[in-house]
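Undergrad: my questions are about this predicted structure, shown below with the sequence.
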Amino acid sequence: MPARLATQLAAFQEALARVDSEAALYELQVAYLGKKGAVTQLRGEMGKLPPEARKGFGAEWNRVRDAIEAELEARRTYLKDQARRLDLARVDDLTLPPLRPPAGTLHPLSQTRRRLSESFQRLGFSLAVGPHVEHSKYNFDDLNVPQDHPARDMADTFFIRPHRHPGFDDGSDNDAAMRLRAGELVLRTHTSPVQVRTMLSQKPPIRIVALGTTFRCDDDATHSPMFHQIEGLYVDRGVTMADLKATLMDFTRDFYGRRLDVRFRPSFFPFVEPGAEFDIGCPFCGGDGCNLCKRTGYIEIGGCGMVHPAVFEACGIDPEVYTGWAFGFGVDRMTMSQHAVPHLRHMFEGDVRFLEQFP
Amino acid sequence: MKISHHWLSEMFVEGALDAALAAWSAEGKAAAWTRLLTGLGLEVEAVQAVGEAVRSIVVGEIRGKSPHPQADKLTVVELFDGTGVVQVVCGASNLPAIGGKVAFAPVGAVLPGGLAIAARELRGVASHGMICSEAELEIGADDGGILVLPESWRAGERLVDRVPGIVDTILELGITPNRPDALGHLGVARDVATKLGLPLRPPAVRRPDAPDAPGLVSIAAPDRCGRYLGYVLEGMSVQPSPLWMRVRLHRLGLRAISNVVDVTNFVLMECGQPLHAFDRDRLAEGRVVVRRAERDEPMTTLDGTQKLLTAEDLVIADASAPQALAGVMGGAHSMVHAGTHNLLLEAAWFAPAGIRATARRHGYATDSSYRFERGVDHGVGLERAALRALELLLELAGGRCTAWTDAPGERPPAPTIALRLPRVAALLGVEVPVSTARAVLAGLEVQVREDSPEVWTCVAPTHRPDLRREVDLIEELMRFYGLDKVPARLTVPQAARAAAHSDPVTELGDRLAEGLRDAGLHEHVAMAFVAENKVEFFAVPPERRVRVENPMRAAGVMRTHMLPGLLDALAHNVARHTRPVRLFEVGRIYAWPERHVLKDGPTAAIDALLPLERAIAAALIYGGAKGGVQAREITGAAVQALARVGLRARPVDPPTPAAHLHPGVQAALAVGDAIVGEAGEVHPDLIRAWDLPEGTRVYYAEIAVEALPARVTAKARDLPRFPSTARDLSLEIPVTLSAARVVAALTRAAITCTAQEHVELQAAQSVGFAEGKIAPGAAGEVRLAADSFGEPAIEVLEDYRGAGVPAGHRALLLRLHYAAEQRSVTDDEAQALHTAIVAAACEALRVDAPTVRPR
């Protein structure tokens, strides 16, 4: 090998060993094989050689260039490999607390209400609503709870102070009729006035649920003066109590994910006859008996029954043509047992340390 | 209502009930009762076995008494227990004389309270057993001395053999208001008899052999008193009842008073019929008049309270004055006392609604009014109860019945009910066998005439005022046949159902809640009523506030605003921890309308009487003890919530400032031209009013759910094919001039500067600054670019205050984007338009804020 080629090759190899980045490698490549590179320039000297030596020199030059290119490539591969290894050696602990926007939550009561509402909508019940401040006609009278009847004691009622609407003082005919008497307006004690409103407003078939806030003067460890109820009503030709039981069982399948037994016990609610309380097979133990069902295999849910003909009559529906059933139960207690909430007061205090527990 | 098993068993042939109950279920007395009665709708709330510990108590005879050598108050008693004489130390002061009988707990006995009796020394004297009081034996309330037994009892006899029913099982029943008959043992026994197929054998009674005395009772208000039975008893001796009677009453939670009073209470518990005994010698002319009271007629009831009556109150008067508040409470003047010898016994039926009204009016809730207002028997049961009391009175208090009368008033007619048997299956979805139906109705003493196999004509008994219609009888059949026999079977084809739908306001509220949750807020549920002082800060004037007549926790006003509830929750949190508090609530607020609102539809007449209820989504943000929350997070949360319902909202200057928000830190929330809510910092006065630390920064926003415009389906805009060019603008403006107004002014200026060429922009201008849609310009024309929503591409980058800006001013850094259709924009043309827009906008802004200038 011509001495100058050999010198350049040796110098390249010495420099190559010191290269530790792709940028430096590129610089080295330019220094030797670039347009003005040391090895490239040696090729220009081939013309100065005697013709017989040219061929040999050319071959040697090509060999040196190939060698340099190969070594550059090898070094490049090595450097890439090295960089990849380094990159892979990085550690970033993703078990540190995740960074996320502040997490908000829906109130457990809301979550239960939504799930109930969705379940019953899947079972063909439309959502119906009504006012919280209700007239006693809809809250009591039309529901077969007459004035001065002890059934009114079943719910301790909040009464709304009568109000004279401005504009009623004009002495017109309806002035007296429109004036409210004491005890006429109440905070609804149940969601049942929505039944009345719906039956007054639409013809059967009627299939609704009313879900909402209700009020009773009751305030202790297990009763809040404001609570929540759901009420279902189904009115059509041929509706029976057997249908009610089947529907409630269908509801358990949708809501709890498995069909649970439904048990009726005779009871009294003025707006249904026959009236019953209903229990469902304990969703926590499936009926085997656990602490939550007090080892009975059943949990008490609410009241139900066949719509009383007097209610139909008050709402202009012929009880000889139509039958119907209704059920109702409290959402708060169901929510609390579902989430094992230890104290009722937690539900309405708004302590974020409580609320954040229900993602 | 407490029901005694022993008492119930007395309503049957001896031993029959226990045998039948055991045959019905082998699960034990408590469980059997629970299943049986609960299955009949008489819910068993508790079962308690009582008296077991009394089995070891015997009759002791006092053979000797000597003072305790060491203690003044103790006596050393020589007591004969039937087999031998034992020495017992006793502390009672009512020890009977030698030969007297007492209740003795021998060594080895365990008292009901758990006290085990052992031989022990009391102050140096050995005592082998204990002489007990009735309270210690839990058979009475008297703990003032030992229980002294009749001298006729033999020493060594067991108390349980002497007092029938002292060992018993007490059932606590929850009786629904429709079942007044079940407020006595006889009524419960009738249900049990019907269920178990046992013949009912209540104690026999007979009419007294005494003359009718029509002058004894006159009914002047026959509409209020349907029937009045009066009995004259003479030669009575008022004294304590015998032990069996006292135990019986104690077991049901009643206090023994005297034989006469105890008998009326006994019959109350047995028959569910309230009775009243007058001292007849205290009745003027010895007779009673059932009449309405005079207005403001005074009366003192036997609890010693003085009442002024109304003309709607029914009284039992003598010839001159009221002697009882009918069906509610007796009068003090004629009440039975220790010296009473002659009685007038009353058994009556009063109209329920009147009793209820009187009891409520005068604040009474007695065992008597409780039953009368639910409806007692006015038929055979009424007289039965009276005669039962008569027997017991003559047995326990001596004397004789010398006269009686049965005065008639207006009794409610017994309804005749057509029971169509096929209707049972049509309603319940299950057939009740005819034989069962027959047996049930017979057991309940319903008179049945089987007119045809399908229709029976029924007359309900007078003790069941709840049986009025066909469904009531169907319920009875189902109650006894077994409600658990109703199958689970859909009886209406599901195809007939309409598709279910939701409620639009509920839906919107739910979506807003999700948006606020996604903004990192926790949902709170506050009480709908608040204290008056908590709503004073808000715009609803006192006369429009909806008030609760009978509030709890002093929360007498239906909330007029969402903020008080959220501030209460905030205060609760701040008092307990130092963390940030981010809350929201979707709820209703209440106010009377300013004017009468006419409504439509079948419920309009009622709806017009009701207050307004508006659904509000409200949010509150507090940064915690460390602070660090920016005011703009609250608008961010609100805008995010509105995005969840498909609405693009932005904060604008409030049309009228909200008084509960900081005057300098508030905005209205606008969607298009509509104002849908508000946001801002809670006013420092409220921070003080809620006792939050001085300087606490709390941010609040609310959205009126029903005010939201309908969601508009997004229409796609083509993407710009050429890049836009940006120009920055730094404007020096007063701090009180809002960014929203600056952007609006720039938008308007842009529209003006290019309006001549662009028809669409003119249309946009007509809707006002709030909705300055930027339309594509004529080909090649340079214009203010539009963002992805077609709104002017004006960014507000920075709000600078500090060095270089005069006091009361700030520098707002904005970036405006310029573009043209189908080509790039040159720097020169962009700059020309920018200069024109800025000049026009500044001129417009200077009308209100003369110091505005570009920097």
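TA: Looks like it arrived, so ask away.

Undergrad: so B:Ser502 belongs to a helix, correct?
TA: No. Under the criterion used here (DSSP: H, G, I helix; E, B strand; the rest coil), B:Ser502 is coil, not part of a helix.

Undergrad: which of the helices or strands spans the closest residue to it other than its chain neighbours?
TA: Once flanking residues are discounted, B:Ser502 sits nearest to A:Leu127: 4.8 Å by CB to CB, 6 or more residues apart in numbering or on different chains. Any C-beta I mention is one placed from the backbone N, CA and C, and that applies to glycine too. Take DSSP states H and E as the rule and A:Leu127 turns out to sit in strand A:126-128.

Undergrad: what residues are up against B:Asp466?
TA: Applying CB atoms under 8 Å, 6 or more residues apart in numbering or on different chains, one finds that B:Asp466 lies in contact with B:Asn178, B:Arg179, B:Pro180, B:Gly375, B:Asp472.

Undergrad: so the second one makes contact with A:Gly275?
TA: Okay, so that is B:Arg179. No. B:Arg179 is not in contact with A:Gly275 according to CB atoms under 8 Å; the separation is 11.6 Å.

Undergrad: intersection of neighbour lists for the two?
TA: A:Phe268.

Undergrad: what does stretch A:7-22 rub up against?
TA: A:1, A:25, A:28, A:31-32, A:38-39, A:42, A:64, A:67-68, A:71-72, A:75-76, A:79-80, A:83.

Undergrad: now do stretch A:275-288
TA: A:248, A:252, A:256, A:258, A:260-269, A:289-290, A:292-293, A:296-305, A:327, A:337, B:43, B:475, B:483.

Undergrad: same thing but 6 Å
TA: By CB atoms under 6 Å, 6 or more residues apart in numbering or on different chains, the residues outside stretch A:275-288 that reach it are A:252, A:256, A:260-269, A:290, A:292-293, A:297-301, A:303-305, B:483.

Undergrad: same deal with stretch B:826-836?
TA: B:Thr725, B:Arg727, B:Cys753, B:Val782, B:Tyr818.

Undergrad: tell me the buried residues in that stretch?
TA: Across stretch B:826-836, burial judged by 16 or more other CB atoms under 10 Å in any protein chain shown covers B:Ala830, B:Leu833, B:His834.

Undergrad: return the helix or strand in the chain with minimum mean pLDDT.
TA: Using chain A here. The weakest-scoring helix or strand in chain A, judged by mean pLDDT, DSSP states H and E, is helix A:174-178 (a mean of 44).

Undergrad: try chain B instead
TA: Lowest mean confidence among the helices and strands of chain B (mean pLDDT, DSSP H and E): helix B:759-766, at a mean of 39.

Undergrad: quick revisit: buried ones among the contacts of stretch A:7-22?
TA: Buried among those (16+ other CB under 10 Å): A:25, A:28, A:31-32, A:38-39, A:42, A:64, A:68, A:71-72, A:75, A:79.

Undergrad: out of those, what pair is the most spread apart?
TA: Maximum pairwise distance in the buried ones among the contacts of stretch A:7-22, criterion CB to CB, is 26.4 Å, between A:Leu42 and A:Leu79.

Undergrad: any low-confidence regions in chain A?
TA: Applying pLDDT under 70 to chain A flags the ranges A:1, A:165-182.

Undergrad: show residues contacting the helix or strand where B:Val102 lies.
TA: Following DSSP H and E, one finds B:Val102 within strand B:101-105. Contacts to strand B:101-105, defined as CB under 6 Å, 6+ apart, come from residues B:57-61, B:81, B:117, B:129-132, B:146-147, B:149, B:151, B:153.

Undergrad: how near is B:Val546 to A:Phe227?
TA: 19 Å (CB to CB, to the nearest Å).

Undergrad: with B:Ala49 instead?
TA: 36 Å.

Undergrad: the two: which has the busier surroundings?
TA: A:Phe227 (19 against 12; other CB atoms under 10 Å in any protein chain shown).

Undergrad: show me what from the stretch 301-450 of chain B comes close to chain A.
TA: Counting by CB under 6 Å from any CB of the partner chain, the stretch 301-450 of chain B comes close to chain A at B:Ala353, B:Arg356, B:Ala357, B:Glu373, B:Arg374, B:Leu427, B:Leu428, B:Gly429.

Undergrad: alright, I will stop here.
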